[in-house]
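**Student:** Sequence plus predicted model, see below.
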Amino acid sequence: MAAGVAAWLPFARAAAIGWMPVASAPMPPPPREKRRGQDGLIILNVSGTRFQTWRNTLERYPDTLLGSTERDFFFHEETNEYFFDRDPDIFRHILNFYRTGKLHYPRHECISAYDEELAFFGIIPEIIGDCCYEEYKDRRRENTERIQDDEENENNKDLVLPELSFRESMWRAFENPHTSTMALVFYYVTGFFIAVSVMANVVETVPCSSGPNRAKEVSCGERYALAFFCLDTACVMIFTVEYLLRLIAAPSRYKFVKSVMSIIDVVAIMPYYIGLVMTDNEDVSGAFVTLRVFRVFRIFKFSRHSAGLRILGYTLKSCASELGFLLFSLTMAIIIFATVMFYAEKSSSASKFTSIPAAFWYTIVTMTTLGYGDMVPKTIMGKIFGSVCSLSGVLVIALPVPVIVSNFSRIYHQSQRAEKRRAQKKTRLARIRATKSGGANAYLQYKRNGMLADAEEEASKEAGKSLVCKINPTFETQHHHLLHCLEKTTNHEFVDEQTYETNCMEVSLTKPSMSRSSSLSSSPHGLSSCCTRRNKRKSFSVSNSNMVGGRRGSIQELSTIQIRERPMSNSRSSLNAKFEETLPLNSEEQSYITAAVISMPTPPVTTPEGGDSASSPDFLQSNIVRVSAL
Amino acid sequence: MSSCRKRCKREILKFAQYLFRFITGTLNADSVEDELELSAARHRPEALEQLEAQTRFSRKELQILYRGFKNECPSGVVNEDTFKEIYSQFFPQGDASTYAHFLFDAFDTDHNGSVSFEDFVMGLSILLRGTVQEKLNWAFNLYDINKDGYITKEEMLDIIKSIYDMMGKCTYPTLKEETPRQHVEIFFQKMDKNRDGVVTIDEFIDCCQNDENIMKSMQLFENVI
């Protein structure tokens, strides 16, 4: 049960009054208040340091030592306080957990000491808040590596996802290739075709050895034009299909079309289609050739396949301001130096510095320390300014580069940490869920122990048995009562996953028979689904008036009763039975009986009511019994 | 047309600003610019004496209630998301958010989007210490989603569906599509005396007072605090 909101349980129970007018069944009686919880102060003496808190604060987490009756073992009568012989410094954090609901890890503490305290007080470390969890985990890992313990095997089972529609599963397959084999195959196939297409583009331009009777060399592309064309067509086919599939599967088509990757995809395949559409016109063929340049954008499609490439792109995007600044300052410097060089070299004859824009080229080449040497200053002033230019060039370029590099490094490490955290989170949540579902299952366990029986039945039943039952704290009983009320309101019961699955399977098996009988039953209990359990029978007395009539004309059917353990009863005579009195004997070790529809035309008269409990032993031995209508 | 132009102008201005920041290298200032987070409205409840007079709780009970309330919501008010979160923790198997939404609307009597401690305690006072009439009134108010004084079948269907949602998937027998609808039909058959398709407050209260089960269950949570 989720901790920390125990204080709100009274509110949740009060709100349950909202269900009362629509309840289909009478409500169970409330649990007896075993202890009028006085809201008093509790004194916790931890090795001499006294902590005080409200009793309710501690009881917020009933599955820990301090919140349960386990603390009574540490009660010290003489001083009327609870004494713990543990470390008070660490205890402070533990008590804060009760107070605030968040567990923190103090960085100066030793990790194993902290772990021990947590274990003693019954708190699972996974509850540590996000602020301290990473540190905690890192320290813990270091520690285990240092003492070379066996690493605990992290349970990395994939979460069971709910049923996804085809479209959703397709999208998931596209986004995350590791989800299924098909997705992986698709991923590698597209990657392969991207590589092939790019290689084809490159090889196309390589000059192939021409035949002896040809004057000039032709590129391979022109020689094997047909082959390259076919290859190109195939690649574009694949890319088009991929794009269309992604478009169909995308949850938000508009967002998908706007995204960078889809634009790259479109740009990669557009030239081909445009080439197909355009006729072999002389003037446009030049433009067509230019379009083919865009085919190189296919290489960007690799960014779907490589996380590093994506990070690089993201870095560039996030460093956009640094890049912009670099560009702007370079432009400024270029203009300044080009002007100066132009005027300095104007006097020299036959100088290459014919205009300021022409001097731009010299300035850029010099500032980036390339120095091609196609333009050199000849005058002394020109040489002086030229050297100033190259020195300042080094500075201007060197400055923003570390910023960009550090940005990249930060983002890269961030993404790595994100991956790590994601992996940790899964296990963490799984562990927390396991302990929590212990709580959810606690309710089912509670039911199975027959705790929901009436008080006097319970007393009489257990008088003769040494039933060891855990004394549930008040909070849990109240919570279970609340859940029980909900069950009564809706007339459905909570079951665990397993039973639900098996129910579903049987339901699907007996579907044909059920579809017929579902039309018969008009009550919401849907007798048509499964057999009845003890407590359901109680509700029949409320609304059986329309049931009987409906049943009369029903069709005979053969149904399979599958009985798990000791069976409770059948539904044969369920209509008119008032079983409350006759059933107390079966309340222990209740299990779920799942029976398919037993839609009997049995006139209520002939079915023995009292004999039902007698007939139940018959089924003790058998597991599967075929029952035909009487 | 003028709005279009205004938007255009705004976009151009934004683009110019972006360009400027691009050149001067201060683009990242965008993220640094902290938008003043709407600090959670702090709310202090009325004095203890006043609440004692207005509700039917004793001083001690109010103290306990407030401590629990304040612990979960230090700012003194609950907004709908926190409310849903808290309520959902009691029903781990299903989805309690829809019902929590209706509850929130029922508790938030002044419809200002948040439940203060006064709202909370007033609601609880009715539910736990009120007369049967008041409780039924409250329930009617809960079901009447648009607060027009009538419960229609659609409203009831929403409420019932939200209750069934709380059960979750793993129920026995398995929940079917028509179960909530059938439930609504039964409810209306019982409550709607004059068959006009809506249930008014009088029909509701009348019918509930004649139903023994409902009467008994209303007394169920008397001593919850």
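**Tutor:** Thanks, I have it.
**Student:** check contacts around A:P251.
**Tutor:** Counting by C-beta atoms under 8 Å, 6 or more residues apart in numbering or on different chains, A:P251 touches A:167-168, A:171. For glycine as for every other residue, the C-beta is placed from the backbone atoms N, C-alpha and C.
**Student:** Can I have the buried ones of these as a ChimeraX selection?
**Tutor:** In ChimeraX, this line selects whichever of the contacts of A:P251 come out buried by 16 or more other C-beta atoms under 10 Å in any protein chain shown:
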select /A:171
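**Student:** ok, of the contacts of A:P251, which one's closest to chain B?
**Tutor:** For these, the residue nearest chain B by C-beta to the nearest C-beta is A:E168; the value is 18.0 Å.
**Student:** That closest one: helix or strand, and which one exactly?
**Tutor:** For A:E168, the host element (DSSP states H and E) is helix A:166-175.
**Student:** Could you tell me the angle between the helix or strand following that helix and helix A:166-175?
**Tutor:** For helix A:166-175, the following helix or strand on the C-terminal side (DSSP H and E) is helix A:181-204. Angle between the axes of helix A:181-204 and helix A:166-175 is 50 degrees (criterion: axes from the mean of the first three to the mean of the last three C-alpha atoms, to 10 degrees).
**Student:** what comes up buried for helix A:181-204?
**Tutor:** For helix A:181-204, the neighbour count (16+ other C-beta under 10 Å) marks A:183, A:186-187, A:190-191, A:193-198, A:200-201, A:204 as buried.
**Student:** The residues you listed: which ones sit near chain B?
**Tutor:** Contacts with chain B are made by none of the buried residues of helix A:181-204, judged by C-beta under 8 Å from any C-beta of the partner chain.
**Student:** could you redo the residues you listed as TSV and give each row pLDDT and distance to A:I384?
**Tutor:** What follows is the buried residues of helix A:181-204, written out as TSV (pLDDT from 0 to 100; distance: C-beta to C-beta, whole Å):
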residue	pLDDT	distance to A:I384
A:A183	86	64
A:F186	88	63
A:Y187	89	59
A:T190	89	57
A:G191	90	55
A:F193	90	57
A:I194	90	52
A:A195	90	52
A:V196	90	55
A:S197	89	52
A:V198	89	48
A:A200	88	52
A:N201	86	47
A:E204	85	49
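**Student:** show me the biggest helix of chain B in terms of residues.
**Tutor:** Counting residues, the longest helix found in chain B (DSSP state H) is helix B:2-24.
**Student:** Give me the residue at the spatial middle of chain B.
**Tutor:** B:F104 (1.2 Å; C-alpha atoms, centre = their mean).
**Student:** low-scoring pLDDT stretches of chain B, where are they?
**Tutor:** B:25-42, B:223-225 (pLDDT under 70).
**Student:** residue ranges for the helices of it, please.
**Tutor:** B:2-24, B:29-32, B:48-54, B:59-72, B:80-88, B:97-107, B:117-129, B:132-143, B:153-167, B:178-191, B:201-210, B:212-218.
**Student:** looking at those helices, which is closest to chain A?
**Tutor:** Closest among the helices of chain B, using C-beta to the nearest C-beta: helix B:59-72, at 2.7 Å.
**Student:** Buried residues in stretch A:377-386, which are they?
**Tutor:** A:377, A:379, A:382, A:385-386.
**Student:** Put the alpha carbons of that stretch into PDB.
**Tutor:** These are the backbone C-alpha positions of stretch A:377-386, laid out as PDB (Å, rounded to 0.1, in the frame of the first residue of the first chain):
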ATOM      1  CA  PRO A 377      51.100  41.000 -50.100                       C
ATOM      2  CA  LYS A 378      54.100  42.700 -51.700                       C
ATOM      3  CA  THR A 379      54.300  46.000 -49.900                       C
ATOM      4  CA  ILE A 380      55.800  46.400 -46.500                       C
ATOM      5  CA  MET A 381      52.700  47.800 -45.000                       C
ATOM      6  CA  GLY A 382      50.800  45.000 -46.600                       C
ATOM      7  CA  LYS A 383      53.100  42.400 -45.000                       C
ATOM      8  CA  ILE A 384      52.800  44.000 -41.600                       C
ATOM      9  CA  PHE A 385      49.100  44.000 -41.700                       C
ATOM     10  CA  GLY A 386      49.100  40.500 -43.100                       C
END
